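Colleague: coords below, sequence missing:
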């Protein structure tokens, strides 16, 4: 296999009134092209800075990683949402499994990676008890520089760091990734004289995985950052050289849009058949949900759009969710993400005579069983009239992961055009933020605090 | 706080035509009582063996754990779906965070716990490379004794075990949990003379967490099994002593049923605000989806029911899903699961002058911020017309977790009565299983294999 493929055939085999038709697809084709063009023409402007991230020079991240190599045994990322999900996705996909449990030798000197993306006091305390902060580099990531959860965690960790290494050496253990000008984190970093990486203003959190947000931790833990970007550039090339339904991002967006708007299937289940892609689903969940879940479209009409992204995992969720997917309401589109090749495989030994019922497994490999389950699930769903897409990666490595992430970002942007919503804002979270300020007693929110009580 | 509470107030404050009303609730009350009675009267019969699990004697599990104490450094559970999700939920809730990374001393001699619940070849190979099988007890769990994924993993691990400890000592490293009579696992266990634990025939996988399925790994890793069951018995007592909307399981079921059937909110988002309850969501996902997602009701009518259970986590998913929850389609009911007390808390230090914008955080604790975020999210959703329930546990320990699990099982059974579906079968997964057999070349499935190709 030489490239990522998107197979839409299992969307086209439904009964007449429940399936995509060639006619629907042809009717949408001009809008798909217009949407792609709109995204490409706006590339680099407004909040479309992410489109150009694959073409940025990774040297600052690589140089920083080289400079501090061997100095830390652990990297702790403090961030939440878009400041964490991309990094978690990269780590799960590209670091060895159980990486944090390996010895320093088995890690070849690469530091462990932890991501603190919540404020549970027990969990936070346990993590701080586990880490030796004297050997830890803390990367605080917040675009706005004011995210309450991350700032609270930062204040706690900073105090511990000072106790562990002394105020004078604090700056050796802290690096910030934030807006180049605005926000509390930038001011603090300036005051403390810290190393800081800029998150370009035109890059929103959920589109930031290929920026400093994802690439600083990636470089520090020895992931192949140049290949990640090269794969994304490869996909950018495909974006430019294909149009309409031949363009994989546009096709992904188009299928989801038609399934929702025309056929009433509003739920998008993403189900990788590769353990390395497990956390891709959570990254996608944010991307799709925050970008497309909108009360108003760009014309100011109240629309309350929002396909629901759902995380699943093959084959595990066949034993948890498949019953519902097969027999429940016909309101879902499935996206299987498979791989053509695993880095290794395991033969399944034949059972002894006492296990004759399992003889059919013997002589196969685990990968063969995994692929058979993926194909079987897609087939059974289609047979029950449930549509699915299948994305296949040649293999899970930095290059193809970079390509996939970029493709899904582009698909989200194109879907934003089709729904005609602003894919880059998140006005719905403001009310909750203000309520938290009120409950925490922040000056200026007294009236709101009364209202909540 | 002296007991688990279920707060429904945020379901009752919507606009007239989008919210639960007292009238709807009163109209449903007799059916709620009938449903509760139906479950209680069938307790112990058919597939309702799970109702009586809290009253079973845990001595066999505890004795086994005592017998092998100190002999193994690792317990490896091989299972999938209902054979894994309960154990994962228990482990995340009741073992120390990062338990598998702690030294033997810090674990106080308790073995590490790994659950292999998938067949990814890279992941499986990595796990086997990590474990020293000479110090590992492998617990293979399958109700049917024929689950393809688990059997394949078993065959691979058994071969490695034999190589590591020799055929003669194999039985010291293997223990099976399966049906008392049927299935390949039972035959193999008999032939090899293995220690086996029975999974009672009247207990389905998704209702099995308080049976041998969950309790063998729990006892082996030193969780407080007696308290787990005592908490479940406490909840069983509440089930017997309360009725209608005063019964928390019936109320949970009733709200979800009315929100779906009357108000069109078919998506059930479960969002714990406690890291220890993170994997409760996946256990609930299977329970709710497989039990209620049904093509036919018990009268044989085609209904295609199935509320969609969605996993979320507070506060993290406020930065990923809340935008969609607030502004997207009004088709969701939220269940927040909070705790009244954490085992520890962390004060948030005041920022220096350079971080003045964060001053509102200083002097509070992390738990206070966490609680404020939970309350703010529920408030903001209600303000936007989105209903939520809040379950509060006095704290996360074995007792209250047992009570919560039992309550949610009972709620699922009651919901099954309200939807009038068989909550204990899963006919929808058969087609996919057969397709896998066909693709794996199992004799008798040749015609199907041709159809799939």
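Modeller: Done, it's in. Everything numeric in this text was worked out from a predicted model, so none of it was measured.
Colleague: Phi and psi next, for residue A:310.
Modeller: In this entry, residue A:310 is assigned phi and psi values of phi -120, psi 130 (degrees, to the nearest 10).
Colleague: Ok, residue A:305 next?
Modeller: phi -70, psi 160.
Colleague: gap between the residue nearest the centre of chain A and chain B?
Modeller: The C-alpha lying nearest the average C-alpha coordinate of chain A belongs to residue A:283 (CA atoms, centre = their mean; 2.2 Å). From residue A:283 over to chain B the distance is 9 Å, taken as CB to the nearest CB, to the nearest Å. (Glycine included, C-beta is placed from N, CA and C.)
Colleague: again, but for residue A:253
Modeller: Residue A:253 is 17 Å from chain B, where distance means CB to the nearest CB.
Colleague: Give me the pLDDT for that residue.
Modeller: Confidence at residue A:253, expressed as pLDDT, is 98.
Colleague: so it makes contact with residue A:409?
Modeller: No. Contact criterion CB atoms under 8 Å: residue A:253 and residue A:409 do not qualify, at 11.1 Å.
Colleague: Quick check: the residue nearest to the centre of chain A is in a strand.
Modeller: No. Assigned with DSSP: H, G, I helix; E, B strand; the rest coil, residue A:283 falls outside any strand and is helix.
Colleague: who's in contact with the residue lying closest to residue A:402 once chain neighbours are set aside?
Modeller: Counting by CB to CB, 6 or more residues apart in numbering or on different chains, residue A:402 lies nearest to residue A:231, which is 3.2 Å off, once chain neighbours are set aside. Listed by CB atoms under 8 Å, 6 or more residues apart in numbering or on different chains, the contact set of residue A:231 reads A:398, A:399, A:400, A:401, A:402, A:403, A:404, A:406.
Colleague: Nearest residue to the second one in space, please, no chain neighbours.
Modeller: Of all residues beyond its chain neighbours, the one nearest residue A:399 is residue A:231 (3.8 Å), with distances taken as CB to CB, 6+ apart.
Colleague: host element of the one you found?
Modeller: When elements are assigned from DSSP states H and E, residue A:231 belongs to helix A:225-241.
Colleague: What is the next helix or strand after that helix packed up against?
Modeller: Per DSSP H and E, the first helix or strand lying C-terminal to helix A:225-241 is helix A:248-261. In terms of contacts (3 or more CB pairs under 8 Å, 6 or more residues apart in numbering or on different chains; DSSP states H and E), helix A:248-261 is packed against strand A:5-7, helix A:22-41, helix A:225-241, strand A:332-339, strand A:388-393, helix A:398-419.
Colleague: quick revisit: could I get the contacts of residue A:231 in CSV, plus columns for neighbour count and pLDDT?
Modeller: Putting those into CSV (neighbours: other CB atoms under 10 Å in any protein chain shown; pLDDT from 0 to 100) gives the following:
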residue, neighbour count, pLDDT
A:398, 21, 98
A:399, 21, 98
A:400, 24, 98
A:401, 26, 98
A:402, 26, 98
A:403, 26, 98
A:404, 23, 98
A:406, 27, 98
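Colleague: which among these gets closest to residue A:366?
Modeller: In terms of CB to CB, no member of those lies closer to residue A:366 than residue A:400, at 20.9 Å.
Colleague: Bridged to the residue nearest to the closest one when sequence neighbours are not counted, which residues?
Modeller: Nearest residue to residue A:400 in three dimensions, chain neighbours excluded: residue A:393, at 4.6 Å (CB to CB, 6+ apart). Going by DSSP bridges, residue A:393 is paired in beta bridges with residue A:339.
Colleague: OK, contacts around residue A:393?
Modeller: Applying CB under 8 Å, 6+ apart to residue A:393 gives the contacts A:4, A:274, A:337, A:338, A:339, A:340, A:400, A:401, A:404.
Colleague: Which pair of the contacts of residue A:231 spans the longest distance?
Modeller: A:398 and A:406 (12.5 Å).
Colleague: Identify the nearest residue to the spatially most distant residue from the centre of chain A in space, disregarding sequence-adjacent positions?
Modeller: Among the C-alpha atoms of chain A, the one most distant from their mean position (CA atoms, centre = their mean) is that of residue A:353, at 46.4 Å. Closest residue to residue A:353 apart from its sequence neighbours, by CB to CB, 6+ apart: residue B:191 at 7.9 Å.
Colleague: Flag every buried residue along the helix or strand containing that neighbour.
Modeller: Using DSSP H and E, residue B:191 sits in helix B:184-192. Of the residues in helix B:184-192, those buried under the neighbour-count criterion (16 or more other CB atoms under 10 Å in any protein chain shown) are B:184, B:185, B:186, B:187, B:188, B:189, B:192.
Colleague: cool, stretch A:284-297 as well?
Modeller: Buried-residue list, stretch A:284-297, by 16+ other CB under 10 Å: A:284, A:285, A:286, A:287, A:288, A:289, A:290, A:291, A:292, A:293, A:294, A:295.
Colleague: next one: stretch A:423-439
Modeller: A:423-424, A:426, A:428-429, A:431-439.
Colleague: before we move on, back to that, of the buried residues of helix B:184-192, which pair is most distant in space?
Modeller: Farthest-apart pair in these is B:184 and B:192; separation 12.1 Å (CB to CB).
Colleague: Excluding residues flanking it in the chain, which one is nearest residue A:303?
Modeller: Per CB to CB, 6+ apart, closest to residue A:303 is residue A:297, 4.8 Å.
Colleague: correct me, but that neighbour touches residue A:416?
Modeller: No. If you go by CB under 8 Å, residue A:297 and residue A:416 don't touch, sitting 10.1 Å apart.
Colleague: What residues of stretch A:164-173 count as buried?
Modeller: Neighbour-count burial for stretch A:164-173 flags A:164, A:165, A:170, A:173 (criterion: 16+ other CB under 10 Å).
Colleague: Skipping adjacent residues, who's closest to residue A:337 in space?
Modeller: residue A:272 (4.2 Å).
Colleague: Neighbours of that neighbour, how many?
Modeller: 27 (other CB atoms under 10 Å in any protein chain shown).
Colleague: OK, contacts around it?
Modeller: Contacts of residue A:272 by CB under 8 Å, 6+ apart are A:278, A:280, A:281, A:313, A:314, A:336, A:337, A:338.
Colleague: What score does the residue lying closest to the fifth one once chain neighbours are set aside have for pLDDT?
Modeller: The spatially closest residue to residue A:314, leaving aside those adjacent along the chain, is residue A:273, at 3.8 Å (CB to CB, 6+ apart). According to the model's per-residue confidence, residue A:273 sits at a pLDDT of 98.
Colleague: Same question for residue A:15.
Modeller: 68.
Colleague: right, and residue A:19 touches residue A:13 too?
Modeller: Yes. Using CB under 8 Å, residue A:19 and residue A:13 qualify as a contacting pair, with a distance of 6.7 Å.
Colleague: more crowded one of these two?
Modeller: Taking other CB under 10 Å, residue A:19 and residue A:13 do not tie; residue A:19 has more neighbours (17 against 12).
Colleague: so what's the residue of the stretch 51-200 of chain A found nearest chain B up against?
Modeller: Across the stretch 51-200 of chain A, no residue is closer to chain B than residue A:81, which sits at 2.6 Å (CB to the nearest CB). Under the criterion of CB under 8 Å, 6+ apart, the neighbours of residue A:81 are A:117, A:147, A:205, A:206, A:286, B:316, B:318, B:319, B:320.
Colleague: distance of residue A:91 from residue B:453?
Modeller: Per CB to CB, to the nearest Å, residue A:91 is found 38 Å from residue B:453.
Colleague: Compare these two (neighbour count), which wins?
Modeller: A count of neighbours by other CB under 10 Å puts residue A:91 above the other of residue A:91 and residue B:453, at 22 against 9.
Colleague: just checking, what packs against the host helix or strand of that one?
Modeller: Using DSSP H and E, residue A:91 falls within helix A:85-94. Helix A:85-94 is packed against strand A:112-116, helix A:212-220, helix A:280-292, helix A:398-419, with contacts defined by 3+ CB pairs under 8 Å, 6+ apart.
Colleague: which is the next helix or strand following the first one?
Modeller: What that stands for is strand A:112-116. By DSSP H and E, the next helix or strand past strand A:112-116 is helix A:121-130.
Colleague: I am finished for the moment; much appreciated.
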